[in-house]
Every structure is written in structure tokens, then in C-alpha cells.
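# With the sequence up front, the predicted model follows.
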Amino acid sequence: MFCYGQVTSFPLEGEFHNYATFSVGSCSVSNMTVKYKLNTVANEPSVLLNFKWEAYETADDNCLSREQFEMFIEVGIDGKSVYIPATGILGTTPRGNNDWGYNPFVVPPDWDKLFLISLRGVKVGNSAGRVYVSNDMARTYWSSGNMKVNSVILLDKLGNKKAIQ
């Protein structure tokens with residue numbers, strides 16, 4: 001089992017929990033659990049991210065599916081943080097009844113779109129202004145054995161960030 005802050009080789013997998021209430025746009029989330037798996041398949045990276053959550057207002061347990069948001073896996077490498085976008089790897093947004101989402105994808109992301117340098121200026125649903133590490137640097141990071149997953153960050157359309165760790 002993966003422990004927070006542990007440096008390990010592939011597969012790198014684990015989960016994080018947040019039991020405090022927070023908002024994603026106008027949706028109130030009472031808690032969220034995310035699980036991830038980073039692996040290498042046929043010399044290509046594979047990334048899986050899935051989550052479950054509970055709605056603060058049980059009568060509105062579908063409010064998250066109406067919000068625009070993105071999730072990023074924050075990875076520490078040699079004292080720096082980089083971010084793996086979960087765009088294209090999340091399945092359906094689950095209802096807020098603490099059930100896991102279904103149809104999460106294990107996708108081999110392109111090496112040149114694997115690690116964002118920063119989340120500063122990132123706008124949900126817009127790829128403009130996103131700066132990634134180079135193809136060669138991404139391969140170096142991935143194969144270094146020095147990666148650790150620090151958190152999963154949820155970014156809403158208003159630019160609000162919530163780290164699940």
C-alpha cells in the first residue's frame with residue numbers, strides 16, 4: 001500500500017480522502033475520496049483517476065455533474081511539483097451518494113502533455129496558456145523512480161483549487 005510522501009517505483013497507486021465540506025462552483029461537497037494509479041504499459045505511461053463524493057445537500061446529489069471542473073494529480077519530483085491533467089482519463093462524474101464513478105479510463109497520455117509545470121493561469125476547459133515539460137523531460141521524470149504523488153487537485157471554473165490529500 002502506498003503511504004503519503006513515499007517514493008516508489010511503478011505501479012504508483014493510492015487514494016486520498018477529504019472529509020471537510022468544500023464547494024465546486026455552486027455544488028457543496030461534504031467529503032471526497034480519490035484513487036489513482038500511475039503505471040507503465042508497453043513503455044508508455046498509463047494514468048487512472050477515479051473518485052467518489054457525498055453531496056452536502058442529499059437532495060442535490062447530482063450537482064457536481066452540472067459544474068465545470070478539472071482534476072490534476074500533483075506529483076513531486078526532485079523537490080518540484082508538476083501536475084498530470086486528468087482530462088480524458090476520468091469516467092463519468094458519479095452522483096454524490098459515495099459511489100465510485102464508472103468507466104474510468106487508463107489512458108496513455110502523450111509525453112509532451114503529461115506534466116504541467118504549474119496550474120497558474122490554467123482555466124477549466126481551455127488549453128491556452130498551459131505549459132508542459134518537454135517530451136524528453138517527461139520521459140526522464142517518469143523513469144527516474146523519484147516520483148511521489150502529493151495530492152489530487154480539483155480546479156473549478158472560477159479558479160478555486162481544492163487539494164485532496
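Perfect, thanks for sending it. Numbering: from 1, shown residues only.
# alpha carbons only for contacts and neighbour counts from here, please
OK.
# So which bits of stretch 156-165 are buried?
156-157, 159, 161-165 (16 or more other Cα atoms under 10 Å).
# State the pair within those residues that is farthest apart.
K157 and Q165 (20.9 Å; Cα to Cα).
# show me what contacts Q68?
25, 124-125, 156-157 (Cα atoms under 8 Å, 6 or more residues apart in numbering).
# Endpoint to endpoint, stretch 141-151 covers what distance?
Start-to-end span of stretch 141-151 (Cα to Cα, to the nearest Å) is 17 Å.
# Return the distance of it from the chain's centre.
Distance of stretch 141-151 from its chain centroid, counting by Cα atoms, centre = their mean, to the nearest Å, is 14 Å.
# buried set for it?
Neighbour counts over stretch 141-151 (16+ other Cα under 10 Å) mark 141-142, 146-151 as buried.
# Stretch 79-91 now?
The neighbour-count check on stretch 79-91 (16+ other Cα under 10 Å) flags 81-86, 89-91 as buried.
# circling back to that earlier point, cross the buried residues of stretch 156-165 against strands and list the overlap.
Applying DSSP state E to these, the entries found in strands are 156, 161-164.
# For G101, state which of these is nearest.
Taking Cα to Cα as the measure, G101 lies nearest I164 of these, at 16.6 Å.
# Could you report the distance from that closest one to S127?
Distance, I164 to S127, using Cα to Cα: 23 Å.
# before we move on, what about A55?
For A55, the distance to S127 equals 29 Å [Cα to Cα].
# neighbour-wise, which of these two wins?
Higher neighbour count among A55 and S127: A55, with 22 against 9, using other Cα atoms under 10 Å.
# and the closest residue to L158 other than its chain neighbours, how many residues sit next to it?
Distances taken as Cα to Cα, 6 or more residues apart in numbering place G25 nearest to L158, at 6.9 Å, with adjacent residues excluded. The tally of other residues near G25 (other Cα under 10 Å) stands at 18.
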